[in-house]
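Enquirer: Pasting the sequence and the predicted model now:
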Amino acid sequence: MMETTGFSLGGLIPMLIIGFFVVIPLIVLFWGVRIYNRLVSGRNGFENAFGQIDVQLTRRYDLIPNLVETAKGYMKHERETLEAVIEARNQAASATQEVARAPGDPQAMQQLMGAEAALTGTLGRLFALAEAYPDLKANTNMLSLQEELTSTEDKVSYAREGFNNAVTRYNILRESFPDLIIASMFKFYAAELFVVDAPEQREAPKVSFS
């Protein structure tokens with residue numbers, strides 16, 4: 001009876017040792033793969049969300065040259081402002097392309113936020129000056145462009161909210177334990193929010209042409 005028990009224990013110990021060195025590493029591996037996939041999903045989430053911002057910003061950038069061309073026929077003495085709008089538009093478009101290539105790059109996002117702030121400021125000055133030109137205020141093309149621009153700005157705001165929500169979820173995930181271990185090992189860097197700090201950036205630049 002004692003010999004049978006001894007034989008059973010003798011066979012069990014090697015099995016436990018094998019289980020420790022084989023099963024445990026497999027569990028750790030599956031755990032790591034699951035976290036890695038979760039991080040990839042989070043990163044893809046905010047990258048896809050920026051795609052929606054990109055679409056709306058591109059639409060905005062396409063509208064601005066038409067807006068300037070329309071205003072140019074009436075605001076011949078405001079050449080400096082008109083040129084500033086186009087320059088700011090080009091800078092913002094370039095910054096958007098950089099972020100689109102790497103939506104998680106904090107430096108690229110900072111540059112985009114600065115470029116967007118500059119563009120919003122120059123558009124605001126343009127619309128303020130337009131108030132002094134009654135014929136421009138009555139121009140139907142200008143009215144239509146302003147309406148489209150305002151609508152696009154609203155869509156940008158909505159898309160930005162979705163992007164920021166996705167970034168926040170991803171950043172929380174990569175900073176949580178034990179996910180932060182895998183995030184550090186595989187270089188899942190923190191992503192930057194697309195924030196709007198200046199009050200004048202919080203809504204589309206508006207002007208009354210009534």
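Expert: Arrived safely, thanks for sending.
Enquirer: got any ranges where this structure has weak pLDDT?
Expert: 1-24, 26, 28, 197-210 (pLDDT under 70).
Enquirer: Determine which residue lies closest to the centroid of it.
Expert: Most central in the chain under Cα atoms, centre = their mean is residue 50, positioned 4.1 Å from the mean C-alpha point.
Enquirer: Count the residues that sit near residue 44.
Expert: Other residues near residue 44 come to 12 when the count uses other Cβ atoms under 10 Å. Every residue, glycine included, has its C-beta placed from N, CA and C.
Enquirer: any chance you could map the strands in this protein?
Expert: Using DSSP state E, the chain contains no strands.
Enquirer: could you pull out the helices for it?
Expert: In the chain, the segments counted as helices under DSSP state H are 2-72, 79-101, 106-130, 134-137, 140-175, 179-185.
Enquirer: Against residue 57, how distant is the residue nearest to the residue nearest to the centre of the chain when sequence neighbours are not counted?
Expert: Excluding the flanking residues, the one nearest residue 50 by Cβ to Cβ, 6 or more residues apart in numbering is residue 103, at 4.0 Å. Going from residue 103 to residue 57 by Cβ to Cβ, to the nearest Å gives 13 Å.
Enquirer: ditto for residue 50
Expert: Taken as Cβ to Cβ, the span from residue 50 to residue 57 is 10 Å.
Enquirer: Now stretch 124-144: buried residues?
Expert: Under the neighbour-count criterion of 16 or more other Cβ atoms under 10 Å, stretch 124-144 has 124, 126-127, 129-130, 133, 136-137, 139, 142 buried.
Enquirer: What would it look like as PDB? C-alpha coordinates only.
Expert: C-alpha atoms of stretch 124-144 as PDB (Å, rounded to 0.1, in the frame of the first residue of the first chain):
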ATOM      1  CA  GLY A 124     -12.100  85.800 -38.000                       C
ATOM      2  CA  ARG A 125     -10.300  88.900 -39.200                       C
ATOM      3  CA  LEU A 126     -11.500  88.400 -42.700                       C
ATOM      4  CA  PHE A 127     -15.100  88.100 -41.600                       C
ATOM      5  CA  ALA A 128     -14.800  91.100 -39.400                       C
ATOM      6  CA  LEU A 129     -13.500  93.200 -42.300                       C
ATOM      7  CA  ALA A 130     -16.200  91.800 -44.600                       C
ATOM      8  CA  GLU A 131     -18.800  93.700 -42.400                       C
ATOM      9  CA  ALA A 132     -17.600  96.900 -44.000                       C
ATOM     10  CA  TYR A 133     -18.400  95.700 -47.500                       C
ATOM     11  CA  PRO A 134     -22.200  95.800 -48.100                       C
ATOM     12  CA  ASP A 135     -22.000  94.300 -51.600                       C
ATOM     13  CA  LEU A 136     -19.900  91.400 -50.300                       C
ATOM     14  CA  LYS A 137     -22.400  90.800 -47.500                       C
ATOM     15  CA  ALA A 138     -25.100  90.600 -50.100                       C
ATOM     16  CA  ASN A 139     -23.200  88.200 -52.400                       C
ATOM     17  CA  THR A 140     -25.100  84.900 -52.600                       C
ATOM     18  CA  ASN A 141     -21.900  82.900 -53.200                       C
ATOM     19  CA  MET A 142     -20.300  84.300 -50.100                       C
ATOM     20  CA  LEU A 143     -23.400  83.500 -48.100                       C
ATOM     21  CA  SER A 144     -23.400  79.900 -49.400                       C
END
